[in-house]
Structure formats: structure tokens, C-alpha cells
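> Attaching a predicted model along with its sequence, questions to come.
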Amino acid sequence: MSSFFKPLQAEIAHYQKKLTQHNLVCDKTNQMFLELNLNILSYMAQEDASKLDVWGEYNIVTMGKEFVEVIRSGKTDEKAQAVLLVFFLRFAEEMNIKYGSCENASLHKLHAIMTAKGYKYPEYIKSQRNFALERLSVLIRRREALK
């Protein structure tokens with residue numbers, strides 16, 4: 001598998017700085033999710049790219065294009081932040097499925113928040129969240145078995 005994260009890490013760091021300066025925060029919940037996005041972006045910009053490629057292999061194949069589009073477009077609107085949340089949730093879920101835990105504290109916290117009840121999400125996030133929690137484990141386990 002070719003490297004997904006290595007060529008993107010500088011762009012991720014640049015995007016993280018842009019998102020810090022240009023974001024749409026209107027309440028405490030949005031602020032919490034923004035901070036998690038920023039922390040995870042920083043982590044992904046600095047972590048060993050080959051590890052990230054292995055830890056999120058399925059997520060990269062199925063949602064990597066959307067993630068790259070957000071990073072390269074520089075958009076920081078609600079839809080862009082939703083794509084980041086979903087990508088990170090699915091990344092965390094894949095780590096939990098493969099290894100039993102998330103290595104990064106912000107990924108772990110995001111996963112815990114988004115798998116708990118109590119938050120209402122826009123339809124895009126809601127449908128992707130449900131997919132991640134209901135189908136992702138079956139698909140990742142099948143993919144791992146076929147290796």
C-alpha cells in the first residue's frame with residue numbers, strides 16, 4: 001500500500017492552523033468538537049505516517065478522498081468540519097476494532113463522545129455515525145481476514 005499520510009502531513013499541519021484561525025463556533029458543543037478536530041489534525045500531522053496508514057487502512061480506502069478534499073480545499077465551514085469528524089470517528093473505530101483501543105487521547109475522546117447518547121447530529125454525521133457503529137466492524141474484520 002502506498003503512503004497516504006506522509007505526503008499529506010505538511011498540508012494537514014497547514015490546514016490545522018487555518019482551521020484554528022477561521023472556524024465557526026457558536027456554542028460549547030461546537031467548541032468541543034472543534035478542539036478535538038484541531039488536536040487530531042495536529043496528531044496526524046506529526047505521527048509516524050506509516051503507522052497511521054496501517055491503523056486507518058480501511059478508512060483511507062473508503063473515505064480518504066473526502067478527507068484530502070477538505071485538507072486541500074482549505075474550507076473550514078460546517079460541512080468540512082463534519083467530514084473531519086466522520087473521518088476521525090471512523091479512524092478511531094477502526095483502531096478499536098483492530099487493536100482494541102485508540103492510541104491517541106483525542107481520538108479516544110471523540111469516539112467516546114460520538115458513540116454515547118445525548119448529542120443530535122446533522123443528517124450527514126448521523127448516517128455516517130450509524131454506519132461506523134453498525135457496519136464498519138463487519139467490513140474491517142472481513143478485510144483483515146482476507147489479507
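Everything's here; your move.

> Quick one: residues in contact with stretch 26-45.
With C-beta atoms under 8 Å, 6 or more residues apart in numbering as the contact definition, stretch 26-45 has outside contacts at 5, 9-10, 12-13, 15-16, 19-20, 23-25, 52, 81, 84-85, 88, 104, 106-107, 109-110, 113, 119. (Glycine included, C-beta is placed from N, CA and C.)

> Could you list the buried residues of the strand or helix carrying residue 32?
Using DSSP states H and E, residue 32 sits within helix 28-46. Burial within helix 28-46, assessed by neighbour count using 16 or more other C-beta atoms under 10 Å, is assigned to 33, 34, 36, 37, 38, 39, 40, 41, 42, 43, 44, 45.

> Got the confidence number for residue 123?
Note for residue 123: predicted pLDDT of 68.

> if I look at the residue positioned nearest the centre of the chain, how far off is residue 44?
The chain has residue 88 as the residue nearest its centroid, 1.4 Å off, counting by C-alpha atoms, centre = their mean. With distances taken as C-beta to C-beta, to the nearest Å, residue 88 is found 9 Å from residue 44.

> can you list residues touching both of those two?
With C-beta under 8 Å, 6+ apart as the test, residue 88 and residue 44 reach no residue in common.

> lowest average confidence, helix or strand, in this protein?
helix 123-134 (a mean of 72; mean pLDDT, DSSP states H and E).

> Looking at the contacts of stretch 26-45, which are in helices?
Among the contacts of stretch 26-45, the members falling in helices (DSSP state H) are 9-10, 12-13, 15-16, 19-20, 52, 81, 84-85, 88, 106-107, 109-110, 113.

> Report the buried members of those.
Using 16+ other C-beta under 10 Å, the buried members of the ones in helices among the contacts of stretch 26-45 are 9, 12-13, 15-16, 19, 52, 81, 84-85, 88, 106-107, 109-110, 113.
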